[in-house]
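Peer 1: Sharing a sequence plus its predicted fold:
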Amino acid sequence: MSAKSSGKSKPSKAERLRMQREEEERRLFEEQEARLRAEREEAERRERERIEREKTERLEAKDQERRGLEMAELSVLEENFLIASQWKADFRVSAKWNHYTSCDGSPDPTVPQEINTFMSLWLEDKNNDIQVVMEKGKKVLELIQKLQFCIMDTPYEELTPDDLAQHQNTIQKLQALLHQKYNAATEQLLKQASSYAESESGNMEVVIKATNITLCIWANLKKNPRFRTQIFRDESRNPTNGFDLPKPLTVCDIAVRILHTHYDHLSPLESFPIERPRLDFLGVSPAAGPSLPVTPEAKEGEGDQKMAEEAGLETHPGQPTQPAKTHKSALNVQERKNTIVDEIPIEVYEKKSMILHSVSRARLSALRIPDVGEELLLEDYIVDLHQFMPVGGVYHFDALKLPPQAKHVKGWTMVEVLDTGLETCNYIGLCEEGEDTSLYVVGLTVQLLDSVVYFEQPLIGRWDPAGKYWRTDAVGDIVFNVKEKEISFKMNGFSTITLLQDAHLNMPYQSWELRPQGPDQAVLSVLTTFAEVQIHIKKNECMLISVTTMEDPDLLSHLRGIWMPPLSLTIALKKAGMNIFPAEYSSQYVSLNRKTPIAEHTCYQQMALVASAFAFGWSKWNWKCGEDQIVFKACEHLTEEAVVEDWALYMFNGQRAQKLQITESSQAFSKTIAEESEFHSTLFHLMKDTASEAAMERVKNTHFLFIDSVYQLLLATRVLTYA
């Protein structure tokens, strides 16, 4: 058989036409089937949407009908915030009275006459013994802390702008006086430098440590060029700080002082808006009806319209703000306008405004959103203290003129007395004309405090006394020894320095959880990139449980186990370098999950009201739900153990709360309401739908101070927008 005849024969023309016709018929049939299937699916989708829409309309109508009742019931619970505010106000009054009646001789720093007398008397006191100054310095630091706490903890309405300016002026005077006294004590020590001479070097070497300072003094008595490097050691022979002196200075009559203050009295004081940020809830006045304030991010006029839309209200020029129909429902527009004012008493709105007015200056100003025009344009070498924060205090590294020393002649002790005070050495003046100034580079080694955590190599800032700011230039050869907890570097002169850390290293958070620990107790856990922080809340006090990292599970042990007010714990953690507390300008440095201020603030309040019986936590869907909605997970939790119950997802915008059908593991975000659940005006009533009697009984019996403490910590951490 030939090769050609063995192959497959080609189809005829008629066969090809038949095959093409069958293929076309099959294609048309499949297209018809696909079209019919798409039409069926579209019809089914429309039917589902119709059913869902009708369901939503029924639920919205039901929610609207009981809105007034729910808001009135919530108002009863919200009374706890006002009671807590009054308790704190009474406590402040009682503390002032107790101080007045104690007659212990210590001044009230908020009373100008008392504090001015205290400062004048100490200024005139000529006893500049270092131990006396340190002891008196403790009292001065306590007075400064009282004033700082007063400024941050007092609501705007209780502290006028004049009072604020007066307190900050007093703080600055106390800071200056304290440093002046340390200079006087240093001068007195240097006048007796020869009596502190070391046997090996013959030079003065003194280390004095107290609770808040470390003073290291070296005096060049022998002028021996061999002794250029000095490492100071405390009584336990542990290294503290040290320096490397330029060779030309080893033959000069100088002294070197490293005064490490564990506080920062150089950086400008924290500023607060003079007026309370306008972040009110919907307000009602008897004459005008419901009205809306301007939000921080909206201008006059535009803010009312924007907030009205968010809250379900519409505005008309020249008319009071009226309720509007934002969702299609069984109620018509006019009915909605008439019912919201009739159902919700004016007293409910007024109470919400009073609660907001009772929030402290520090908490409320942090919710303010700065205007774009408020950004400061700084030179590259100037430290932006909105972005960085000094941690570990300040190191005053000074070259001082060595005063005349006592001489013993024929049984007499003679000393030249100069009335010049403590004099700094003119570093530039020591350089001879044409001399290489690089020969005068000085080195400094500082020991990091155990009470401060550094998550990365700190930035070194030099204080500019003329510009009143920290700067980062003229610092080099930096060596950061993590194991030995020390950092060394070189500078082209003696300077006052501080170690700075990015204030937002731990923001945004990875996740968070608020878990009840029994009646009037809860634990707030915040997981950051570097560490997990756990805070125990009990009535009006908080306690740090732990700060844990993979490298060190035992950080900040000096703060653990100490109960203190929420604001005090906030200050202590920031001072220790563990900052999880956004400030007014933090939004400019962190990629935050922005939410409308009213929704965020309302959510914190209502979470605090039920936090004794319900656990709350972070949800990934909070990033997907939009700026006007907040999504979180929650569940009833009445034990002290870790949360093991199945979490449910909830969504809240300050006006309406609902349980979501999706879960944390769902593939896409959906606002669909969960089956067998309803819309509610408050979180309290939404939780109440599925809560046990024991849980609701615990909520109703929760102590007002615990509610306030949870509220304060949630405001301080702002977990809903910074996680």
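Peer 2: Right, received. Where do you want to start?
Peer 1: which residues sit against stretch 689-699?
Peer 2: 77, 519, 609-610, 612-614, 636, 638, 677-678, 680, 684, 687-688 (C-beta atoms under 8 Å, 6 or more residues apart in numbering). To be clear about C-beta, it is placed using only N, CA and C from the backbone, and glycine gets the same treatment.
Peer 1: which of those count as buried?
Peer 2: Neighbour counting with 16 or more other C-beta atoms under 10 Å marks 77, 609-610, 612-614, 636, 638, 677-678, 680, 684, 687-688 as buried within the contacts of stretch 689-699.
Peer 1: Next step: those restricted to strands.
Peer 2: Judged by DSSP state E, these include 614, 636 as members of strands.
Peer 1: could I get the buried ones among the contacts of stretch 689-699 as CSV with distance to Ile630?
Peer 2: Compiled in CSV, the buried ones among the contacts of stretch 689-699 are given as follows (distance: C-beta to C-beta, whole Å):
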residue, distance to Ile630
Leu77, 19
Leu609, 16
Val610, 15
Ser612, 21
Ala613, 20
Phe614, 15
Glu636, 20
Leu638, 25
Ser677, 17
Glu678, 19
His680, 15
Phe684, 15
Met687, 15
Lys688, 19
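Peer 1: From the buried ones among the contacts of stretch 689-699, pick the one nearest Tyr196.
Peer 2: Distance to Tyr196 across these (C-beta to C-beta) is lowest for Ser612, with 59.6 Å.
Peer 1: Show the average pLDDT along the longest helix seen in the chain.
Peer 2: Counting residues, the longest helix found in the chain (DSSP state H) is helix 13-102. Averaged over helix 13-102, pLDDT sits at 84.
Peer 1: circling back to that earlier point, tell me which two of the contacts of stretch 689-699 sit farthest apart.
Peer 2: So, those by C-beta to C-beta: farthest apart are Pro519 and Glu678, at 28.6 Å.
Peer 1: any low-confidence regions in the stretch 551-700 of the chain?
Peer 2: By pLDDT under 70, the weakly predicted segments of the stretch 551-700 of the chain are 644-645.
Peer 1: Now do the contacts for Gln387.
Peer 2: Counted by C-beta under 8 Å, 6+ apart, Gln387 has contacts 502-504, 589.
Peer 1: Could you rerun that using 7 Å?
Peer 2: Going by C-beta atoms under 7 Å, 6 or more residues apart in numbering, Gln387 touches 502-503, 589.
Peer 1: now do Ser495
Peer 2: Going by C-beta under 7 Å, 6+ apart, the list of residues near Ser495 reads 397, 462-463.
Peer 1: Show the residue spans covered by the helices in this structure.
Peer 2: 3-6, 13-102, 112-124, 130-153, 161-191, 302-311, 333-343, 346-357, 361-366, 566-575, 597-610, 683-690, 693-700, 704-717.
Peer 1: same for the third one, what does it pack against?
Peer 2: Right, helix 112-124. helix 161-191 (3 or more C-beta pairs under 7 Å, 6 or more residues apart in numbering; DSSP states H and E).
Peer 1: Now the helix it packs on: buried residues?
Peer 2: 164, 166-168, 170-171, 174-175, 177-179, 181-191.
Peer 1: now that helix: how far from the chain's centre is it?
Peer 2: Relative to its parent chain, helix 161-191 has a centroid offset of 28 Å by C-alpha atoms, centre = their mean, to the nearest Å.
Peer 1: what does stretch 251-267 give?
Peer 2: 30 Å.
Peer 1: Any chance you could list what contacts it?
Peer 2: 141, 175, 179, 182, 186, 190, 193, 212-220, 223, 225, 241, 243, 245, 385, 390, 393-402, 425, 430, 449, 463, 496, 498.
Peer 1: quick one: contacts for Gln605?
Peer 2: If you count contacts by C-beta under 7 Å, 6+ apart, then Gln605 has Tyr711 around it.
Peer 1: ok, now how distant is it from Phe704?
Peer 2: 13 Å (C-beta to C-beta, to the nearest Å).
Peer 1: list the contacts for Leu422?
Peer 2: Contacts of Leu422 (C-beta under 7 Å, 6+ apart): 183, 186-187, 400.
Peer 1: if you skip the residues just before and after it, what's nearest to it?
Peer 2: Glu187 (4.2 Å; C-beta to C-beta, 6 or more residues apart in numbering).
Peer 1: in stretch 42-57, what counts as buried?
Peer 2: For stretch 42-57, by 16+ other C-beta under 10 Å, it's Thr56.
Peer 1: other SSEs contacting the lengthiest strand in the chain?
Peer 2: With DSSP E setting the assignment, residue counts place strand 388-401 as the longest strand in the chain. Where contact means 3+ C-beta pairs under 7 Å, 6+ apart, strand 388-401 is packed against strand 254-261, strand 496-502.
Peer 1: which one of those lies closest to Val442?
Peer 2: Taking the helices and strands packed on strand 388-401 one by one with C-beta to C-beta, strand 254-261 is closest: 8.8 Å.
Peer 1: List the neighbouring strands of that closest one plus their orientation.
Peer 2: strand 213-219 (antiparallel), strand 388-401 (antiparallel) (DSSP bridges).
Peer 1: and these as CSV, adding mean neighbour count, distance to Lys351 and mean pLDDT?
Peer 2: Below are these laid out as CSV (neighbours: other C-beta atoms under 10 Å; distance: least, C-beta to C-beta, whole Å; pLDDT from 0 to 100):
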stretch, mean neighbour count, distance to Lys351, mean pLDDT
strand 213-219, 24, 48, 92
strand 388-401, 22, 37, 93
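Peer 1: Just put the ones you listed in JSON lines and tack on distance to Ser365.
Peer 2: Below are the strands paired with strand 254-261 laid out as JSON lines (distance: least, C-beta to C-beta, whole Å):
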{"stretch": "strand 213-219", "distance to Ser365": "31"}
{"stretch": "strand 388-401", "distance to Ser365": "17"}
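Peer 1: ok, the nearest residue to Leu660 once chain neighbours are set aside - contacts?
Peer 2: Excluding its sequence neighbours, the residue lying closest to Leu660 (C-beta to C-beta, 6+ apart) is Leu649, at 4.2 Å. Leu649 makes contact with 619, 621, 631, 633, 660, 662-664, according to C-beta under 7 Å, 6+ apart.
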